[in-house]
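> Predicted model and sequence below, questions to follow.
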Amino acid sequence: MSKTSQSYFGLILILMKHRLSMTVAFSSVVGWFLFTNEISIEILVLFLGTFFLSGGASALNQYQERKLDFNMGRTQKRPIPAGLISPNDAFLISLILILSGFTLLTFFTNLPTAFLGLLNVVFYNFLYTPLKTKTQFAVLPGAVVGAIPPMMGWAAAGGILTEQPIIFFATFMFLWQMPHFWLLAIKYREDYERAGFLMLTKKVSELKVKQLVYFWGFITSLFLMGFPIFFEGASILTTALIILLNFGFIIGFYKILFKPEPENKSILKAFFFINYYALSVMIVLIGNSFL
């Protein structure tokens, strides 16, 4: 592979937000293991299909917001505003990725999984993305986007979407997304306002937003404590780990979020902390399926 092709491949990965897309794909695999502990090639297909759909949606988002990205310091170096890739090429790449993901899921998992993935693209690109410049409540459809991938995994494994365990976990993922968004709103407040995004921080003080973030995180943690009620046969070990995780989160999150240190430093730490918390929860729930 030539240096030019390597460089272009790197640009595609940036367009895809590949690390974020891998996390999204991993959450779909969690949905699979919530239903069954069976390991098959379909798990890899599920991961790749979800990864392509998420990457395609991210590329399409960068195409949609290319002019706004040019006005923000954190996004000016993205491939389109930096002039490293043309808008038309980025749009084409996004369509290829979305079509590839949808095709994989359609032919190698099932139609409910594929259509859930397509629905997520609609929520992300045609609800959340345009609403960000119109209302502070755009985070609501944005949070739905984080709740759907586990449902895709559950459906791919043969589960019915009205069953309690997947509704419970999807709700947890929805709740977790909110402080995730609000922490970014605090950290990049000036950038977002410069670009024209309507963020909560424009009307509410940073302290109030931090209090809201902690309160919402606390409620999310309490909700997760209901795990044994919704998962029949949950092991004692898993239940104990969930309880310990939640107590650790409630205490640690408060100390990090309200620690008297430079604002950006505490917000960044809180952002990573809440993400590692969600990742830990997912790993514990996968482990529960094998106990």
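Noted; the coordinates are in hand. The shown structure was predicted, so the numbers you read here are calculated from the model rather than taken from an experiment. Numbering: from 1, shown residues only.
> and for stretch 119-138, what are the contacting residues?
Here stretch 119-138 makes contact (Cβ atoms under 8 Å, 6 or more residues apart in numbering) with 53-54, 56-57, 60-61, 64-65, 68, 98, 141-142, 144-145, 148-149, 152, 196-200, 202-203. (Each C-beta comes from the backbone N, C-alpha and C, glycine too.)
> Straight-line length of that stretch, end to end?
End-to-end distance of stretch 119-138: 17 Å, with Cα to Cα, to the nearest Å as the criterion.
> Point out where the stretch 101-250 of the chain drops to low pLDDT.
Along the stretch 101-250 of the chain, no part satisfies pLDDT under 70.
> Would you state the strands of the protein in chain order?
With DSSP state E, there are no strands along the chain.
> Now do the helices in the stretch 51-200 of the chain.
Ranges of helices in the stretch 51-200 of the chain, per DSSP state H, counting those that start in this stretch, are 66-69, 87-108, 111-123, 129-131, 139-156, 164-187, 189-195.
> okay, the ones you listed, which one's buried deepest?
The highest mean neighbour count among the helices of the stretch 51-200 of the chain belongs to helix 139-156 (a mean of 24), with neighbours defined as mean count of other Cβ atoms under 10 Å.
> other SSEs contacting that helix?
For helix 139-156, the elements it packs on are helix 18-35, helix 41-64, helix 111-123, helix 164-187, judged by 3 or more Cβ pairs under 8 Å, 6 or more residues apart in numbering; DSSP states H and E.
> closest to residue 76 out of these?
Closest approach to residue 76 among those is made by helix 41-64 (12.1 Å; Cβ to Cβ).
> got the CA coordinates for that closest one in PDB?
What follows is helix 41-64, C-alpha atoms only, in PDB (Å, rounded to 0.1, in the frame of the first residue of the first chain):
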ATOM      1  CA  ILE A  41     -19.600 -15.800  13.200                       C
ATOM      2  CA  GLU A  42     -22.800 -13.600  13.300                       C
ATOM      3  CA  ILE A  43     -21.200 -11.700  16.200                       C
ATOM      4  CA  LEU A  44     -18.400 -10.500  13.900                       C
ATOM      5  CA  VAL A  45     -20.900  -9.600  11.200                       C
ATOM      6  CA  LEU A  46     -23.000  -7.700  13.700                       C
ATOM      7  CA  PHE A  47     -19.900  -5.800  14.900                       C
ATOM      8  CA  LEU A  48     -18.800  -5.000  11.300                       C
ATOM      9  CA  GLY A  49     -22.200  -4.100  10.100                       C
ATOM     10  CA  THR A  50     -22.800  -1.800  13.100                       C
ATOM     11  CA  PHE A  51     -19.300  -0.300  12.700                       C
ATOM     12  CA  PHE A  52     -19.900   0.500   9.100                       C
ATOM     13  CA  LEU A  53     -23.300   2.100   9.800                       C
ATOM     14  CA  SER A  54     -21.900   4.100  12.700                       C
ATOM     15  CA  GLY A  55     -18.900   5.200  10.600                       C
ATOM     16  CA  GLY A  56     -21.100   6.100   7.700                       C
ATOM     17  CA  ALA A  57     -23.400   8.200   9.900                       C
ATOM     18  CA  SER A  58     -20.400  10.000  11.300                       C
ATOM     19  CA  ALA A  59     -19.000  10.700   7.800                       C
ATOM     20  CA  LEU A  60     -22.400  12.000   6.700                       C
ATOM     21  CA  ASN A  61     -22.600  14.100   9.900                       C
ATOM     22  CA  GLN A  62     -19.200  15.700   9.000                       C
ATOM     23  CA  TYR A  63     -20.500  16.400   5.500                       C
ATOM     24  CA  GLN A  64     -23.700  18.000   6.900                       C
END
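> How far off centre is it?
12 Å (Cα atoms, centre = their mean, to the nearest Å).
> which parts of that helix are buried?
Buried residues in helix 41-64, counting neighbours by 16 or more other Cβ atoms under 10 Å, are found at 42-43, 45-64.
> can you give me the angle it makes with helix 87-108?
In terms of direction (axes from the mean of the first three to the mean of the last three Cα atoms, to 10 degrees), helix 41-64 departs from helix 87-108 by 160 degrees.
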